[in-house]
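>>> mind looking at a prediction? Sequence and model below.
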Amino acid sequence: MALFLADLLTGSHAIRERHLRQAKTIQAKISNRLHKDNPWTWQRKHLAWFLNRHVNPHAESTRYYWLLTAHLLTLRLGKFNL
């Protein structure tokens, strides 16, 4: 996942680490539930499933950081916008 997002990660070390940690969590959840190991095979519905299932129950401030990471993933994929 670090190589997948390497070109897009900017900012402080803590922010880059947070994005990587969250991206790895997203990848693990999608892989376990939907059997899509490779981010290049993801569709919009896969990220939407993760956000609806795992992010919506959290506070708005927490959702904001997860949405930032999801936005980086969509930029990298170049397939769709959330």
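Perfect, I can see it now. Numbers count the residues shown, from 1 in each chain.

>>> quick check, Leu51 in contact with Leu68.
No. In terms of C-beta atoms under 8 Å, Leu51 does not count as a neighbour of Leu68; the distance is 11.9 Å. Just so you know, the C-beta spots here come from the backbone N, C-alpha and C atoms, and that holds for glycine as well.

>>> which one's more surrounded, these two?
Leu51 (16 against 13; other C-beta atoms under 10 Å).

>>> how about the secondary structure of the closest residue to that one other than its chain neighbours?
Excluding the flanking residues, the one nearest Leu51 by C-beta to C-beta, 6 or more residues apart in numbering is Ala70, at 6.3 Å. Look at Ala70: counting by DSSP: H, G, I helix; E, B strand; the rest coil, its state is helix.

>>> OK, contacts around Leu47?
Counting by C-beta atoms under 8 Å, 6 or more residues apart in numbering, Leu47 makes contact with 26, 30, 70, 73-74, 82.

>>> which SSE is it in?
Assigned by DSSP states H and E, Leu47 belongs to helix 44-50.

>>> that helix: which residues count as buried?
46-47, 50 (16 or more other C-beta atoms under 10 Å).
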